[in-house]
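Novice: sequence plus the predicted model coming up.
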Amino acid sequence: MHIGAGSFHRAHQAWYLHRLLVSGDSRCTIALGNIRNDANSLLDQLALQRGQYVLETVTPEGKRDYETITSIQKVLPWDAEITALVAQGADPSTQVISFTVTEGGYYLDNQHQLDPRHVDIQADLKGDVRTIYGTLARILTQRMVLNAKPVTLLNCDNLRHNGERFRNGFLSFLKLKGDDSLFNWVEKHTASPNTMVDRITPRPTPEVAARVNAATGIGDKVPVMGEDFIQWVIEDGFIAGRPALESVGVEMVESVLPWEEAKIRILNASHSCIAWAGTLIGQTYIDESTHQDSIRQMAWDYVTEDVIPSLSPSPLDLNKYRDVVLARFGNPYIKDTNQRVAADGLSKIPGFITPTLMETYQRGQIPRATAVLPALFFLFMQRWHRGELPYSYEDGVLDAAAMHSMFESADPLHQFVSDKALFSSLADNPDFYQLMRDTVKRLECWVANPQQKLKAQAEALTA
């Protein structure tokens, strides 16, 4: 059973399970549902199509392929009590419960612990089902009562140590809830392997359905599209059996750490850098922003100067991985939007960026290239505060009133840099504050003249 009916799941995990079915291994299929009611129209249409839809993939050279995905064989209708999710999750035939709820959907603080102050967590502690924690508590309570068979809880989000941190958050939630019996059952009867997932999957536009119809003759109302690159790395720690994923290209490993660190810091952080920067100079798409020389240089410098030294030695060729990632971002046929990638910055900074800032300082270096990323986000949110973004900004942990208050203060940047939830111990570091002040000033000049090289601007400011 998968929780989270977004495009990424349908282009990624569902594709791998479909490949298993195509190979003749029909032992595992997917039941798909959602925690909230924001995907009801998608689920309704998928149900009309018997769970099937067309996946369009496109290479950087523009070659498009089409495949009907058949692995979702049960669509779980939504209601406020998540009745179908509970029934399916408690069913003995469900051996894996996987989920994609975005980085902000785990409500973790800068120490990676559950933040119980959030209104959604407070609601779920009282029995509601707004979060993955409240949802799984209700599902697993029923599973425990009915059969108590083990189940693997598989995190498929871009979260460092995602299985471990989800599990710690979930057990903390159950402890706060005072549910000792379920806490003990979860400890003994579930497993939460760490994973790394990767495939760029933009929100589908009407043009996707038109291309699918023209190429295949299928009138699919809910197709999905993504790049041709795909990767899934999983620690082989399932508790109740698993699909033979290794036979369809999934890498089953003892530890995902080298892969997840490279992916989160090189791909995810650079992706956000490009989205924030591109938005600031009036661009809409990731590919056009990547082809802006100054923006590409920001991402390249960040990875080369600060990330690669932090992650070395590595079993991966990090220089090659950097170049492949930037080539993927520049794919002109994906048309991934800056809006999609720019989302959830308040979770991405502590998760994707702050570790590199801290480790660069620990090596005795100044993280000038990495400081560009949070400085871009500061300027991005300044635009949001002024109502000047060209689109709505989505962030699962954004306190809009507090953010507006920060930008109305005498020194918004000082408040931003002093936020321990974003920058951990660096929030007390005057050198980091000065670095951020210098970087923001330099970027303000760049936004006014994006054709000028950033290093030239830095030299001009210093002079």
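Specialist: Now that the structure is in, tell me what you want to look at.

Novice: pull the helix or strand with minimum mean pLDDT from this structure.
Specialist: helix 454-462 (a mean of 55; mean pLDDT, DSSP states H and E).

Novice: show the contacting residues for Gln452.
Specialist: When contacts are counted by C-beta atoms under 8 Å, 6 or more residues apart in numbering, Gln452 touches Ser294, Cys445, Trp446. All C-beta spots, glycine's among them, are computed from the backbone N, C-alpha and C.

Novice: show me where the stretch 301-450 of the chain has helices.
Specialist: 308-311, 318-329, 338-342, 345-348, 354-362, 368-386, 400-407, 412-417, 420-423, 430-448 (DSSP state H, counting those that start in this stretch).

Novice: the stretch 101-250 of the chain too?
Specialist: Going by DSSP H, counting those that start in this stretch, the stretch 101-250 of the chain shows helices at 119-125, 132-146, 162-177, 180-189, 206-216.

Novice: hey, which of those is tucked in deepest?
Specialist: helix 132-146 (a mean of 21; mean count of other C-beta atoms under 10 Å).

Novice: figure out which of the helices of the stretch 101-250 of the chain is closest to Lys441.
Specialist: helix 162-177 (35.5 Å; C-beta to C-beta).

Novice: relative to helix 180-189, how tilted is that closest one?
Specialist: 160 degrees (axes from the mean of the first three to the mean of the last three C-alpha atoms, to 10 degrees).

Novice: check which helices and strands helix 162-177 sits against.
Specialist: Packing contacts for helix 162-177, counted by 3 or more C-beta pairs under 8 Å, 6 or more residues apart in numbering; DSSP states H and E, involve helix 119-125, helix 132-146, strand 151-155, helix 180-189.

Novice: so what's Gly89 closest to, chain neighbours aside?
Specialist: The shortest distance from Gly89 to any residue other than its chain neighbours is 3.5 Å, reached at Ile139 (C-beta to C-beta, 6 or more residues apart in numbering).

Novice: and that neighbour, what does it touch?
Specialist: Ile82, Leu85, Val86, Gly89, Ala90, Ile97.

Novice: so is the last one in a helix, a strand, or just coil?
Specialist: When states are read from DSSP: H, G, I helix; E, B strand; the rest coil, the local structure at Ile97 comes out as strand.

Novice: residues near it, how many?
Specialist: 23 (other C-beta atoms under 10 Å).

Novice: tell me how far stretch 214-231 lies from the chain's centre.
Specialist: Centroid separation between stretch 214-231 and its chain, computed with C-alpha atoms, centre = their mean, to the nearest Å, is 21 Å.

Novice: equivalent analysis for stretch 403-416, please.
Specialist: Using C-alpha atoms, centre = their mean, the offset of stretch 403-416 from its chain centre is 27 Å.

Novice: residues near Asp91, how many?
Specialist: Neighbours of Asp91 (other C-beta under 10 Å): 16.

Novice: I'd like the helices and strands packed on helix 162-177 laid out as a markdown table, including distance to Ser41 and mean pLDDT.
Specialist: Shown next, in a markdown table, are the helices and strands packed on helix 162-177 (distance: least, C-beta to C-beta, whole Å; pLDDT from 0 to 100):
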| stretch | distance to Ser41 | mean pLDDT |
| --- | --- | --- |
| helix 119-125 | 23 | 97 |
| helix 132-146 | 20 | 97 |
| strand 151-155 | 26 | 98 |
| helix 180-189 | 33 | 97 |
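
Novice: how about these, which one is nearest Gly6?
Specialist: Using C-beta to C-beta, the nearest of the helices and strands packed on helix 162-177 to Gly6 is helix 132-146, at 13.5 Å.
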